[in-house]
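>>> kindly return the folded structure for what I paste below:
(4 chains)
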Protein chains: 2
Amino acid sequence: MTAPAMDPRSRFFLALSSDQRLKLIELLKEKEKNLSELTKELNIDVSVVSRHLMMLRNLGIVSTKKDKGYLYFFIADNRIFDLILLTNQIVSDWFKHNQKMFG
Amino acid sequence: MTAPAMDPRSRFFLALSSDQRLKLIELLKEKEKNLSELTKELNIDVSVVSRHLMMLRNLGIVSTKKDKGYLYFFIADNRIFDLILLTNQIVSDWFKHNQKMFG
DNA sequence: TGTATTATTGCATCATGATGCAATGACACA
DNA sequence: TGTGTCATTGCATCATGATGCAATAATACA
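Sure thing, here's the model as predicted:
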């Protein structure tokens, strides 16, 4: 199942299947930020952060705008937060229901 | 980022990041089915289908019940359909907005 | 103009998901 | 008890995502 043949929805979920990319989305919820700011908050190489952001950009989750020499990243579609919230609820309920497995 | 250390939400999205697993969820929307029935509808080995289903079970998306010698798989939490519907809308709007890239 | 900062990309390496075959276990039923 | 079906798991292989280093391109600014 290579990239271009993959269903866009699967690809979309794949973009969200990373702790660090979810963290990036969370960080951008506050306000738009550039690559350096975002890199300071995660503990990984700037090239990795850049690639994570590229993945989110390619799916329209994140957009960019140039301003005074900085490239600012921001959330392109706020419905992503509804999606993540609903996921939090589903996962949280599941964990409560199965606390024996994780307690 | 290995399995147990991964955020459950990332893991959840990972489970949805596969055409075939999304297809399985779709097939189970109609009614509960067993492994043989599901395997007939996808074009892959039964062992692969079993593993896909296991992944969905581990995240509480799919549950099972034994009945007359068959193991029936069914959707455990119907909110998964809300999630997928919202995703369809986001992805669809994104493609419309960028039709030049995909037309 | 020269230097430092910002962001991306090539490359190599490692980890992990995807797949199919074969073996095994569980179980219904003749 | 023997046989066939159903479902899972071990194993090997391939594809792909994750990561860090280094190089490059673009550009702000002294």
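>>> going forward, measure contacts and count neighbours with C-alpha atoms only.
Will do.
>>> any low-confidence regions in chain A?
A:1-4, A:99-103 (pLDDT under 70).
>>> show me what from it comes close to chain B.
Selection of chain A residues close to chain B by CA under 8 Å from any CA of the partner chain yields A:6-14, A:16-19, A:22, A:59-60, A:77, A:79, A:83, A:86-88, A:90-91, A:94.
>>> which stretches of chain A form helices?
Using DSSP state H, the helices of chain A run over A:8-15, A:19-30, A:35-41, A:46-58, A:79-97, A:99-102.
>>> among those, which is the most enclosed?
helix A:8-15 (a mean of 22; mean count of other CA atoms under 10 Å in any protein chain shown).
>>> how about that one and DNA strand C, touching?
No: Helix A:8-15 lies apart from DNA strand C when judged by CA under 7 Å from any atom of the strand; the minimum separation is 9.4 Å.
>>> which strands and helices sit next to that helix?
Contacts defined by 3 or more CA pairs under 8 Å, 6 or more residues apart in numbering or on different chains; DSSP states H and E place helix A:8-15 against helix B:8-15, helix B:79-97.
>>> ok, which of these comes nearest A:Glu37?
Among the helices and strands packed on helix A:8-15, the nearest to A:Glu37 by CA to CA is helix B:8-15 (22.8 Å).
>>> and the closest residue to A:Lys65 other than its chain neighbours, how many neighbours does it have?
Of all residues not flanking A:Lys65 in the chain, A:Tyr72 sits nearest, at 5.3 Å (CA to CA, 6 or more residues apart in numbering or on different chains). Counted with other CA atoms under 10 Å in any protein chain shown, the neighbours of A:Tyr72 add up to 18.
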